[in-house]
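Based on what follows, work out the 3D shape:
(2 chains)
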Amino acid sequence: MSDKLPIRDQIIAAVGAAIASAGFPALAGPIVLEVPKQREHGDFSSNAAMQLAKPVGAKPRDIAVAIRVALLEAAVPHLADVEIAGPGFMNFRLSPTWLYDVLETVVAAGPNFGRNAELAGRRINLEFVSANPTGPLHAGGGRWIAAGDAIANLLASQGAEVHREYYLNDTGNQLNTFRDSLFARYQRQELPEDGYVGEYMVEIADALRAEHGASLDAAQLCELGLRIVIAGIRDDLERIGVRFDTWFSERSLHENGEVDAVLQLLTDRELVFELDGAVWIRTTDFGDQRDRVVKKSDGSTTYLLNDYAYHCNKFARGFTHLINIWGSDHHGQVKSLQAGIEAITGQPGEPEIILGQLVKLLRGGEEIKISKRAGNIVTLADILDEVDADVARMTFLLQSVDTRQTFDLDIVTSQSMENPVYYVQMAHARIASIGRKAAEAGVVRAPLPAVNLALLEHPREHELLRALAQYPETLAEAAAARAPHKLTHWVLDFAARFHGFYRDCRVLDAEPELLQARLWLAEASRIGLSNALTLLGVSAPEEMARLDDESLEGAPTQ
RNA sequence: GCGCUCGUAGCUCAAUGGAUAGAGCAUCUGGCUACGGACCAGAAGGUUGGGAGUUCGACUCUCUCCGAGCGCGCCA
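The predicted structure follows:
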């Protein structure tokens, strides 16, 4: 690890010092240094002068001029010039030498490039998927699998210890419906009203009948059926490459008396009251729309109380922060859960809930309405039968979870240009290809300190290094915003830059010295691309299957 | 009715309150005897749903209207 501060931090420090030496007061907030959208605006720009305009009582441009003078006197490394533009922006123009430092930093950090220790010491429990174990995972659920796993990776990249958890709702009404439906199939009888019509129920019933005969009672059948469904869910998760640290049983909460204990605690603290024979919690005291029932008049507990017990259990296991990923159709439950947890623990905002819009599935240009009752679900396994996990994951991670994603099965399952995963993987494969060709030609990469990186003068080369310089920050932003799509977009942008470099800056045909510099640039690119793809859960292949290869995996089915 | 979320190019989507709102696909025009062209370059495409406000500056924040999705059980 390099102990040298990134250029960005050096400039920020220099600006701070320049503001002081020019006799201005310090900024109220942190000094913002951003990468301008337009290259003509320099390598970095700052709006500090505009922010100082009001407190100082001077024109932004005049302030900028004063800061500029102080900055140029300070001899900041790599700083060539500071231009004042527009309403008072300061545009920092750097010598390309800063980019060579970037390359060295990337290579030195290797697999750790981009990681930091911002969240060190934090133990985060991330609960996601948690679909009821009453049937297979459906296609739209793939979004939460991909997003959850990627968010876990993002948080871990910032130094947190992240625990992936699946909450198994192995008790309650839905399970009873499952039991009754399965038992009806098992006995070859009519399904009960509102039963699960899915064909998989018939398959499970038949399998259990074949193995155990017709002698099982409903409870035994339910247990065995549950195991089969859960095993199926595990298989699907395995196929897409996600592994959970804990599968938490809701039933265990009851068996261990944790639900009763929470109710007792609420009662002791007088957070509950009785009405119409039921017990209610005063969640309105903590911002909820209305109070909620925790214990019904028939003596049974509500899902909400079970959830309180569950989240208390998570805290008891030592997690410092809880995060749940939910479909937006559950947004109405956020307040009541957080209100209760705040009442119990005193911590507001726990658990953090990431709400994601549901996926709209399209096939043949028409929306597929998913309904477990109607039995017309498209399962995740269906998707994975047609495309490999990389395609599925990348597609799910293309967009912000705030938007209602349209998952067009015709496009996703085709190898069309609208499938960006190949574009990205191609870039990585090309890097590997260069390495192979170099080896064949007997070219050995010289030690980095012996290589003249100043030969990397082409705009394509500079663009590549700029993108690498931006990576750690993009990663941190993606983690902070719980937004893996930001990283996906970095990857797409980076791949585009690499393809441009590959086209215009031939590596192996270059003069020996330049060849060496470009080999190292390719290596740094490989590191950046590989690190990012790893966090997204997408593989970085050494070579691509040939498009014209008939044995191509995931070939179009139509 | 109340509440939450979302409206950006023909389509799918980006853009910590910053400068001329960006990509991909589709359309059109160029470029390969290749470190694999699943590539590159260029053109065209916009009143950021409408209106008002906040300020040096708004896709972004506030209000309002329109449109879409979802939630408002002693279901989970």
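
I'd like the mean pLDDT over the helix ranked longest in chain A, please.
Looking across chain A with DSSP state H, the single longest helix is helix A:512-536. Looking at helix A:512-536 alone, the average pLDDT works out to 95.

and it, how far out from the chain's middle?
Centroid displacement of helix A:512-536 relative to its chain, using C-alpha atoms, centre = their mean, to the nearest Å, is 23 Å.

Could you name the helices and strands sitting against that helix?
Counting contacts by 3 or more C-beta pairs under 8 Å, 6 or more residues apart in numbering; DSSP states H and E, helix A:512-536 is packed against helix A:97-109, helix A:142-157, helix A:420-440, helix A:459-480, helix A:484-504. To be clear about C-beta, it is placed using only N, CA and C from the backbone, and glycine gets the same treatment.

what's the distance between the closest residue in space to A:Leu380 that isn't next to it in sequence and A:Val293?
With C-beta to C-beta, 6 or more residues apart in numbering as the measure, A:Leu137 is the residue that lies nearest to A:Leu380, at 4.3 Å, once sequence neighbours are left out. Remark: distance between A:Leu137 and A:Val293 (C-beta to C-beta, to the nearest Å) = 31 Å.

So which of these two has more stuff around it?
Between A:Leu137 and A:Val293, counted using other C-beta atoms under 10 Å, the more crowded position is A:Leu137 (24 against 17).

Can you check my assumption that A:Leu237 lies in a helix?
Yes. Secondary structure of A:Leu237 (DSSP: H, G, I helix; E, B strand; the rest coil): part of a helix.

Make sure it is actually in contact with A:Ile145.
Yes. Under the criterion of C-beta atoms under 8 Å, A:Leu237 makes contact with A:Ile145 at 6.7 Å.

neighbouring contacts of the helix or strand hosting A:Cys312?
Taking DSSP states H and E as the definition, A:Cys312 sits inside helix A:303-316. If you take C-beta atoms under 8 Å, 6 or more residues apart in numbering as the criterion, helix A:303-316 is touched by A:125, A:165, A:167, A:172, A:248, A:250, A:253-254, A:258-259, A:261-263, A:266, A:281, A:292-295, A:322, A:333, A:336-337, A:340-341, A:344-345, A:350-351.

I'd like the average pLDDT over that helix.
96.

mind listing the strands for the stretch 151-300 of chain A?
Taking DSSP state E, counting those that start in this stretch to define them, one finds strands in the stretch 151-300 of chain A at A:161-168, A:246-249, A:272-275, A:278-281, A:292-295.

Describe which strands the longest one pairs with in its sheet and in which direction.
Strand A:161-168 has its sheet partners listed here by DSSP bridges as strand A:123-127 (parallel), strand A:246-249 (parallel).

winner for burial among those?
strand A:123-127 (a mean of 22; mean count of other C-beta atoms under 10 Å).

That strand to helix A:303-316, inter-axis angle?
Put simply, strand A:123-127 runs at 150 degrees to helix A:303-316, going by axes from the mean of the first three to the mean of the last three C-alpha atoms, to 10 degrees.

if you average pLDDT over strand A:123-127, what comes out?
Confidence for strand A:123-127, expressed as mean pLDDT, is 97.

Any chance you could give me it in PDB, C-alpha atoms only?
The C-alpha trace of strand A:123-127 is given here as PDB (Å, rounded to 0.1, in the frame of the first residue of the first chain):
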ATOM      1  CA  ARG A 123     -20.400  -5.500  11.600                       C
ATOM      2  CA  ILE A 124     -23.200  -5.300   9.200                       C
ATOM      3  CA  ASN A 125     -26.000  -7.800   8.800                       C
ATOM      4  CA  LEU A 126     -27.500  -7.700   5.300                       C
ATOM      5  CA  GLU A 127     -30.700  -9.500   4.900                       C
END
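
gap between it and the chain center?
The offset between the C-alpha centroid of strand A:123-127 and the centroid of the whole chain comes to 13 Å, using C-alpha atoms, centre = their mean.

cool, and stretch A:190-207?
Using C-alpha atoms, centre = their mean, the offset of stretch A:190-207 from its chain centre is 35 Å.

pLDDT-wise, which helix or strand of chain A ranks last?
Comparing helices and strands within chain A by mean pLDDT, DSSP states H and E singles out strand A:366-368 as the least confident, with a mean of 75.

Next, see if stretch A:188-203 gets close to RNA strand B.
No. Using C-beta under 7 Å from any atom of the strand, we find that stretch A:188-203 stays clear of RNA strand B, coming within 10.7 Å at best.

pLDDT on that stretch, on average?
Average pLDDT, stretch A:188-203: 88.

start to end distance for that stretch?
End-to-end span of stretch A:188-203 (C-alpha to C-alpha, to the nearest Å): 12 Å.

Show me where the stretch 301-450 of chain A has its strands.
A:321-327, A:352-356, A:360-363, A:366-368, A:406-408.

Can you lay out those strands as a markdown table showing mean neighbour count and distance to A:Ser130?
Converted to a markdown table, these look like this (neighbours: other C-beta atoms under 10 Å; distance: least, C-beta to C-beta, whole Å):
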| stretch | mean neighbour count | distance to A:Ser130 |
| --- | --- | --- |
| strand A:321-327 | 21 | 8 |
| strand A:352-356 | 18 | 12 |
| strand A:360-363 | 17 | 20 |
| strand A:366-368 | 12 | 23 |
| strand A:406-408 | 17 | 20 |
